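**Q** Build me a model from this:
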Amino acid sequence: MNRLFLDTSVLIALLKGNLASSEEIVLAVERRIAYFNGIVLTELYSGVKRKHTEGQIVKIVNALSYLQLTYEDYRDTGQLRSRLISQGLTMSTPDALIATHALKHDLRLLTLDAFFMKLPVEIGLQIEIPG
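**A** Coordinates of the predicted model:
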């Protein structure tokens, strides 16, 4: 089973009940091979409007494994963005940090953000849009 990086869009869809929790996600969480980082955490808390939602966020992130961002991650993210810009593609810094983390840790990125599907295959990012 592949280790997974769960993007903010997937976690929000799960929290809202708009995405059926797949067996793969459940197994990855149980095996502690489902990851997130500080970017995802920041984006999740940016959308909190009620205490109930905050409680749900706490439960879900406590079930996931946390990846700390490092100096090298920021450097590598800048280099990734530079390569993409030279190919005529722009990517936000938060999305690039997520992509860099997934690449660095050899994680398959689960996302509902179709932008990731536009990235060149040569980057090597494993991406899946769960159904």
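**Q** most residues in a single helix of the protein, which one?
**A** Longest helix in the chain by number of residues (criterion: DSSP state H): helix 71-86.
**Q** List of residues touching that helix?
**A** 90-91, 93, 96-97, 99-101, 103-104, 119-120, 123 (Cβ atoms under 8 Å, 6 or more residues apart in numbering). The C-beta positions use only the backbone N, C-alpha and C, and glycine is treated the same way.
**Q** if you set the cut-off to 7 Å instead, what comes out?
**A** Under the contact criterion Cβ atoms under 7 Å, 6 or more residues apart in numbering, helix 71-86 has outside partners 90, 91, 93, 96, 97, 99, 100, 101, 104.
**Q** Excluding chain neighbours, give the residue nearest to the second one in space.
**A** In other words, residue 91. Leaving aside its sequence neighbours, residue 91 sits nearest to residue 84 (Cβ to Cβ, 6 or more residues apart in numbering; 5.4 Å).
**Q** Could you list the buried residues of stretch 112-129?
**A** In terms of neighbour count (16 or more other Cβ atoms under 10 Å), stretch 112-129 has its buried residues at 112, 113, 116, 119, 125, 127.
**Q** Contacts only, for the nearest residue to residue 40 once chain neighbours are set aside.
**A** Excluding the flanking residues, the one nearest residue 40 by Cβ to Cβ, 6+ apart is residue 8, at 4.8 Å. Neighbouring residues of residue 8 by Cβ under 7 Å, 6+ apart: 40, 43, 44.
**Q** what residues are up against the first one?
**A** Residue 40 makes contact with 7, 8, 11, according to Cβ under 7 Å, 6+ apart.
**Q** Cool, thanks, signing off.
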